[in-house]
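K.L.:
Structure, please.
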Amino acid sequence: GNMVEVVGHQFLLRDADESTFKLMECDEKTFPYSDTARLQRILSTKQDMIRAYFVSHYDGNGNLDLEGLSKCCSAIGIVINHAELITIWRRIKRNNSSGLVPFNKLLKFATEETSFASK
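P.N.:
Predicted coordinates:
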């Protein structure tokens with residue numbers, strides 16, 4: 001969602017390719033919104049609230065999409081921007097090509113250790 005100016009023209013960056021995401025996730029100092037460990041620590045402080053949110057918002061299938069992740073974070077008081085939301089989504093969606101993930105993947109991410117050497 002950043003604006004970039006190139007030769008006097010402004011461009012809105014809306015998405016990135018896989019290589020760009022991986023680069024950002026491996027360089028948290030330059031790209032702090034892609035710092036998976038920091039985001040995991042934020043979520044880890046809200047584990048009980050995440051569980052309670054899904055118990056009260058369970059719609060029968062137990063799946064979560066990107067919009068649902070955004071709503072969950074907002075409802076439990078986690079203030080993050082779109083880039084941070086995408087970083088969390090990419091982490092919980094790993095090895096899943098559909099637009100849905102089981103909500104327990106978010107809980108697992110919130111409870112796992114902060115070592116992400118397998119980026």
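
K.L.:
Run through the helices of this structure in chain order.
P.N.:
Along the chain, the stretches classed as helices by DSSP state H are 18-25, 36-44, 47-56, 66-75, 82-93, 103-111.

K.L.:
Out of the ones you listed, flag the one nearest residue 11.
P.N.:
With distances scored as C-beta to C-beta, the stretch of these nearest to residue 11 is helix 18-25 (14.6 Å). (C-beta placed from N, C-alpha, C; glycine too.)

K.L.:
contacting residues for the residue nearest to the spatial centre of the chain?
P.N.:
Taking C-alpha atoms, centre = their mean as the criterion, residue 88 is the residue nearest the geometric centre of the chain, at 1.7 Å. By C-beta atoms under 8 Å, 6 or more residues apart in numbering, the contact set of residue 88 is 39, 43, 69, 73, 80, 106, 109.

K.L.:
per-residue confidence at residue 116?
P.N.:
Reading off the confidence values, residue 116 has pLDDT 49.

K.L.:
sorry, that was for residue 66
P.N.:
Looking at residue 66, its pLDDT stands at 92.

K.L.:
And for the spatially closest residue to it that is not a sequence neighbour, the neighbour number?
P.N.:
Spatial nearest neighbour of residue 66, excluding adjacent residues (C-beta to C-beta, 6 or more residues apart in numbering): residue 89 at 5.3 Å. Residues near residue 89, counting by other C-beta atoms under 10 Å, number 18.

K.L.:
mind listing what residue 63 touches?
P.N.:
Going by C-beta under 8 Å, 6+ apart, residue 63 touches 100-103.

K.L.:
For PyMOL, write the selection for the buried entries among the residues you listed.
P.N.:
Selection of the buried residues among those in PyMOL, burial being defined by 16 or more other C-beta atoms under 10 Å:
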select buried, resi 101+103
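
K.L.:
farthest-separated two in the contacts of residue 63?
P.N.:
With distances taken as C-beta to C-beta, the most widely separated pair in these is 100 and 103, at 9.7 Å.

K.L.:
tell me, what's touching the two both at once?
P.N.:
Jointly contacting residue 100 and residue 103 under the rule C-beta under 8 Å, 6+ apart are 63-64.

K.L.:
re earlier: tell me the one among the contacts of residue 88 nearest to residue 51.
P.N.:
When the contacts of residue 88 are compared for distance to residue 51 (C-beta to C-beta), residue 106 comes out closest, at 9.9 Å.
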